[in-house]
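Peer 1: could you look at this predicted model? Sequence included:
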Amino acid sequence: MNLRVPGPTPCPEDVLEAMSRQMINHRGPEFKELIVRVTERLKTLFQTENDLFVLTASGTGVMEAMVVNALSPGDHVLGVSIGAFGDRFATIAETYGAQVERLAFDWGTAADPKLVAEALEKDPSLTAVMLTHNETSTGVTNDLQALAAALRGARPDVLIMVDAISSLGSLPCSVDAWDLDFVGTGSQKGWMVPPGLAMVSISTRAWQAVEQAKMPRFYFDLTKAKDFLEKSQTPWTPAVSQFYAMDVALNTLIAEGIGGIVERHVGLGEHTRRGVKALGLELFAADEASASNTVTAVKVPDGVDGGALNKMMREEYGVVMAGGQAKLAGKIFRIGHLGWASVEDLDATFDALRQALPRLGYQLPEAAQVR
Ligand SMILES: *Cc1c(COP(=O)(O)O)cnc(C)c1O
């Protein structure tokens with residue numbers, strides 16, 4: 001199967017093999033070495049000297065961890081959303097009693113740093129801002145650097161909480177240089193590791209917030225994570241096999257370096273957009289400049305049944321694409337190209353689309369027709 005969903009992503013053979021190793025004592029010397037090695041190298045890729053923790057959770061778990069550690073019930077926070085995951089971040093905060101001022105941008109567009117900063121300036125009671133770096137549901141990447149700079153310009157001490165789940169380890173995300181307080185990501189995206197680990201970095205400013213924050217928390221209490229990391233442990237039993245996998249994936253990622261990782265994803269993103277347009281299809285991203293280099297969202301052409309397309313692609317061509325989420329169900333399909341993805345995987349996807357689409361009533365442009 002050509003797994004082209006934006007997570008879980010395919011894992012290289014050596015990463016899968018690492019998962020089959022025997023268990024070890026998570027409070028023993030082998031795990032100690034493992035967690036130190038993994039944490040240090042993750043910090044390199046986060047470009048941070050902040051504390052960094054590896055939690056046993058999916059991406060949503062790390063979003064919840066950021067919320068419950070940063071905030072108190074009743075806190076006023078700005079929830080910037082450009083899609084389903086931005087909405088989810090706001091909903092988690094509301095679930096725990098925060099008062100979220102939702103600032104939504106049209107799906108398919110990126111957040112405007114000027115408007116975000118204005119929203120913050122207008123309401124001095126806002127203490128934190130929740131941002132999505134790469135909105136996987138729409139295939140749009142926010143200009144996180146510009147957003148963070150605009151927010152700091154408006155309010156130097158505001159807490160900046162970032163869902164970087166489908167960007168870190170793939171797209172440029174410079175945690176310290178951009179002065180980001182909480183930044184979370186998940187193992188099953190660009191990291192080429194199965195689902196189960198979520199990583200989060202926490203700035204000094206963020207730690208001050210953690211001390212004040214009153215939201216209920218236990219499993220995701222980061223002060224416990226900090227205490228245990230001092231002993232090179234986790235408070236609760238970690239997903240040991242995923243740690244093995246991450247250790248091996250990091251060998252590859254660190255050897256490639258941040259520059260190489262970013263360049264590879266730029267190449268895959270451009271290749272995908274070219275391939276999509278060659279089929280006469282339209283990107284969902286309103287402005288190609290903000291189209292994501294980890295996932296491409298494509299409009300389902302008029303007259304074609306989006307559900308039937310994904311089904312045919314999977315069952316008859318072995319290509320597993322993602323559909324649209326929430327209000328985009330049936331309106332778009334998405335092609336993941338993060339982590340262990342190749343130009344060949346994408347070309348196979350375009351070949352399959354070239355064959356499947358006409359069978360569902362779509363007229364291919366002349367140049368794309370199968371000869
Ligand atoms: C995948 C993803 C999530 C959610 O992760 P789960 O692992 O499904 O909980 C959140 N935000 C973004 C941007 C994502 O891509």
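Peer 2: Ah, there it is. Numbers count the residues shown, from 1 in each chain.
Peer 1: next, count neighbours for residue 190.
Peer 2: Counted by other Cβ atoms under 10 Å, the residues lying close to residue 190 total 34. Using the backbone N, CA and C atoms, a C-beta is placed for each residue, glycine as well.
Peer 1: that one and the ligand, how far apart?
Peer 2: Computed as Cβ to the nearest ligand atom, to the nearest Å, the residue 190 to the ligand distance reads 10 Å.
Peer 1: in this structure that residue contacts residue 9, no?
Peer 2: Yes: at 7.2 Å, residue 190 counts as touching residue 9 under the criterion of Cβ atoms under 8 Å.
Peer 1: any shared contact partners between those two?
Peer 2: Applying Cβ atoms under 8 Å, 6 or more residues apart in numbering, one finds that residue 190 and residue 9 are jointly contacted by 338-339.
Peer 1: show me the contacts for the residue of the chain found nearest the ligand.
Peer 2: Of the residues in the chain, the one nearest the ligand is residue 59, at a distance of 2.5 Å by Cβ to the nearest ligand atom. Residues in contact with residue 59, defined by Cβ under 8 Å, 6+ apart, are 7, 163, 165, 184-186, 188-189, 198.
Peer 1: how far away is residue 352 from residue 358?
Peer 2: 12 Å (Cβ to Cβ, to the nearest Å).
Peer 1: looking at those two, which is more packed in?
Peer 2: The residue with more neighbours, out of residue 352 and residue 358 and counting by other Cβ under 10 Å, is residue 352; that gives 20 against 15.
Peer 1: grab the nearest non-local neighbour of that one.
Peer 2: Ranked by Cβ to Cβ, 6 or more residues apart in numbering and with sequence neighbours excluded, the top spatial neighbour of residue 352 is residue 317, at 3.6 Å.
Peer 1: right, and that neighbour touches residue 357 too?
Peer 2: No: using Cβ under 8 Å, residue 317 makes no contact with residue 357, being 11.1 Å away.
Peer 1: wait, isn't residue 330 in contact with residue 306?
Peer 2: Yes: contact status for residue 330 versus residue 306: in contact at 4.2 Å, counting by Cβ under 8 Å.
Peer 1: these two: who's more crowded?
Peer 2: With neighbours defined as other Cβ under 10 Å, residue 330 and residue 306 compare such that residue 306 has more, 21 against 16.
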